[in-house]
Each structure stands twice: as C-alpha cells, then as structure tokens.
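Colleague: everything below, folded, please.
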Amino acid sequence: MAIIVLDRDGVINQHSDDHIRSADEWVPIAGSIEAMAQLSQAGHQLVIATNQSGLALGHFDLDDLEAMHAKMRALVEDAGGEIAAIFYCPHSDDDHCRCRKPNTGLLDAIEAEFDTSLHDCYMVGDRLKDLQCAVAKGCKSVLVKTGCGERTLRSLIENPDPALIETSVFESLAQFSEFVLR
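Modeller: Residues are numbered from 1 along each chain as shown. Now for the predicted structure:
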C-alpha cells in the first residue's frame with residue numbers, strides 16, 4: 001500500500017493564524033474527510049505529518065491535541081476510511097528541532113515506523129515548509145490552495161524555487177483525491 005503524507009491544518013481542516021486550540025475549533029474543510037475516506041478505501045495509507053507549535057507556545061495541551069485527532073479519526077472512520085498514523089512536532093521554531101517541517105524528522109519517523117521509504121510518495125501541504133520537506137525527502141510535493149495555499153502559490157510565482165518546479169497544485173484535498181483515484 002502506498003503511503004500518502006498529509007499536512008493537517010489548511011489541508012484537512014480550516015487554518016487559523018492563531019492556532020486551532022480545541023476539538024470544537026477543529027473544523028474540516030468541505031470534502032476533505034470524504035477524500036481521505038476514498039483514498040483509504042482505495043488502499044492508500046494516510047499518514048498525517050503536522051507541525052503543532054501551539055503545544056510549545058502553551059496555546060493548548062496534549063489532551064486538547066489528542067481530542068482534535070480523535071475527532072479527525074472518528075470523522076474519517078464514519079466516512080469509511082482510516083488514518084494509519086499521526087505524527088506531530090510539538091516544538092516551536094525557536095527549538096531548532098529536526099522534526100519541525102521543513103526539516104525531515106517527521107518523515108524519517110514515518111519511514112522507521114512503517115519500515116519503508118517515502119521516496120516518490122505524495123506529500124500534500126498548503127505551506128512552503130511542507131513542500132520543502134517533501135522535496136528534501138524525495139516525495140512528490142503537492143500544494144493545495146486551501147488554508148495558506150493561495151498565499152504560498154502567489155509567493156512561488158513571485159519568487160520561483162527551482163527545487164519546487166515539479167510541485168503539483170490542486171484546489172483542495174478533494175481534487176487531489178480525484179486525481180489519484182483516476
């Protein structure tokens with residue numbers, strides 16, 4: 001089964017510049033849950049890789065994060081799919097850790113957990129650091145225009161990055177899913 005790595009905020013659920021702080025604030029983007037269920041049903045293993053600096057900054061605690069993830073898992077399961085795993089970086093930029101995207105520590109952990117290589121797997125995100133992480137690990141980088149995606153796309157048009165030239169762009173996770181399932 002092929003692994004598809006998904007960022008969380010702005011890809012699966014609505015983005016907030018002030019952090020998603022609770023399960024109540026965690027609201028899926030229209031079509032994202034169904035898209036995940038369809039990908040899962042088609043045999044893809046969905047793995048979430050998300051920076052969650054709100055933990056380090058004290059905006060929410062581990063119980064809050066686990067409640068958000070339980071809600072996400074339940075919605076995907078209710079739609080007939082499954083999330084294989086969720087990996088998150090609890091650090092802030094100031095911590096200079098190896099797991100905070102664009103560093104590849106989260107992807108390294110996924111490879112170790114699943115005893116596989118993510119080379120040529122899809123990695124879907126809405127921010128430049130998601131795309132940079134994907135390319136650094138040899139994944140196929142995918143930008144969705146939801147969340148910060150429109151802003152990221154404008155930035156890439158204004159300041160092209162040769163390393164990201166092969167990034168695919170989709171309106172949403174739902175459109176990406178349709179592409180993969182064709």
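
Colleague: confidence score at Glu158?
Modeller: For Glu158, the pLDDT comes out at 96.

Colleague: show me what contacts Leu65?
Modeller: Shown in contact with Leu65 (C-beta atoms under 8 Å, 6 or more residues apart in numbering): 52, 54-55, 88. The C-beta positions use only the backbone N, C-alpha and C, and glycine is treated the same way.

Colleague: which one (most neighbours) among those residues?
Modeller: Among the contacts of Leu65, Gln52 has the most neighbours (other C-beta atoms under 10 Å), with 23 neighbours.

Colleague: which residue is the nearest non-sequential neighbour of that one?
Modeller: Spatial nearest neighbour of Gln52, chain neighbours left out: Tyr88 (4.6 Å); criterion: C-beta to C-beta, 6 or more residues apart in numbering.

Colleague: burial measure for Ser22, as a count.
Modeller: Residues lying near Ser22 (other C-beta under 10 Å) number 15.

Colleague: surely it forms part of a helix?
Modeller: No - assignment of Ser22 by DSSP: H, G, I helix; E, B strand; the rest coil gives coil, placing it outside any helix.

Colleague: how close does it sit to Phe60?
Modeller: 7 Å (C-beta to C-beta, to the nearest Å).

Colleague: alpha carbons of stretch 129-149, as CSV, please.
Modeller: What follows is stretch 129-149, C-alpha atoms only, in CSV (Å, rounded to 0.1, in the frame of the first residue of the first chain):
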residue,chain,number,x,y,z
LYS,A,129,7.7,24.3,4.5
ASP,A,130,5.5,21.3,3.6
LEU,A,131,6.8,21.4,0.0
GLN,A,132,10.4,21.9,1.0
CYS,A,133,10.1,19.0,3.4
ALA,A,134,8.6,16.8,0.7
VAL,A,135,11.4,17.6,-1.8
ALA,A,136,14.1,17.2,0.8
LYS,A,137,12.8,13.6,1.4
GLY,A,138,12.3,12.8,-2.3
CYS,A,139,8.5,12.8,-2.1
LYS,A,140,6.2,14.2,-4.8
SER,A,141,5.2,17.6,-3.5
VAL,A,142,1.6,18.6,-3.7
LEU,A,143,0.2,22.1,-2.9
VAL,A,144,-3.5,22.6,-2.2
LYS,A,145,-4.9,26.1,-2.4
THR,A,146,-6.9,25.7,0.8
GLY,A,147,-5.6,27.1,4.1
CYS,A,148,-2.4,29.1,3.2
GLY,A,149,-2.2,27.5,-0.2
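
Colleague: quick one: mean pLDDT over that stretch.
Modeller: 98.

Colleague: so which of the contacts of Leu65 sit within strands?
Modeller: Taking DSSP state E, the ones among the contacts of Leu65 that sit in strands are Tyr88.
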